[in-house]
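**Q** please work out how this folds:
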Amino acid sequence: MKDNIFVRSNNILVKINQADIHFISAEGNYCMVNTVQGKKFAVKISLTAFMEKLNEVDFAQVHRGFIVQLDLIETVDTVNSVLSVRGEQIPMGRKFRDMLLNKKINVV
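**A** Modelled structure (predicted):
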């Protein structure tokens, strides 16, 4: 059960496997959970609080408004500070760049 989270969708709790989460974006008071199947769920929680619910080995906050699943990162553009995650362009904040490059992903 540790690898799953439940999100509320129309007063129904929907189980999502953390491996199916593509990325999470902050939009106002909500987090938008985007799954690899293309589904989106709006959850009323802060991005920081959502990050605490996730497995920190598999996910990283890469911008003040984005959390990504590390296994789904395809490219890291260090010049333009942009990640490609399954075809989506996700901005990378300077504050999170060093942590990502030095501690979360293997760079050779």
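**Q** hey, C-alpha coordinates of stretch 42-57 in CSV?
**A** C-alpha atoms of stretch 42-57 as CSV (Å, rounded to 0.1, in the frame of the first residue of the first chain):
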residue,chain,number,x,y,z
ALA,A,42,-6.9,18.1,-9.1
VAL,A,43,-6.0,17.8,-5.4
LYS,A,44,-6.4,20.6,-2.9
ILE,A,45,-3.0,20.4,-1.2
SER,A,46,0.2,22.4,-1.4
LEU,A,47,3.1,21.0,-3.5
THR,A,48,5.3,20.7,-0.4
ALA,A,49,2.7,18.7,1.4
PHE,A,50,2.2,16.5,-1.6
MET,A,51,5.9,15.9,-1.9
GLU,A,52,5.9,14.6,1.7
LYS,A,53,3.4,11.9,0.7
LEU,A,54,5.5,10.6,-2.2
ASN,A,55,8.5,8.2,-2.1
GLU,A,56,11.4,10.7,-2.1
VAL,A,57,13.7,8.2,-3.9
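**Q** list the buried ones in it?
**A** Residues 43, 45, 47, 50-51, 54 are the ones in stretch 42-57 that count as buried (16 or more other Cβ atoms under 10 Å). Placement of C-beta: from N, CA and C, glycine included.
**Q** could I get those residues as JSON lines with secondary structure and pLDDT?
**A** Listed next are the buried residues of stretch 42-57 as JSON lines, based on DSSP: H, G, I helix; E, B strand; the rest coil; pLDDT from 0 to 100:
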{"residue": "Val43", "secondary structure": "strand", "pLDDT": "92"}
{"residue": "Ile45", "secondary structure": "coil", "pLDDT": "92"}
{"residue": "Leu47", "secondary structure": "helix", "pLDDT": "94"}
{"residue": "Phe50", "secondary structure": "helix", "pLDDT": "94"}
{"residue": "Met51", "secondary structure": "helix", "pLDDT": "93"}
{"residue": "Leu54", "secondary structure": "coil", "pLDDT": "93"}
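**Q** which one among the residues you listed gets closest to Ala60?
**A** Comparing these against Ala60 with Cβ to Cβ picks out Met51 as the nearest, at 8.7 Å.
**Q** wouldn't that closest one be in contact with Val62 here?
**A** No - Met51 is not in contact with Val62 according to Cβ atoms under 8 Å; the separation is 11.0 Å.
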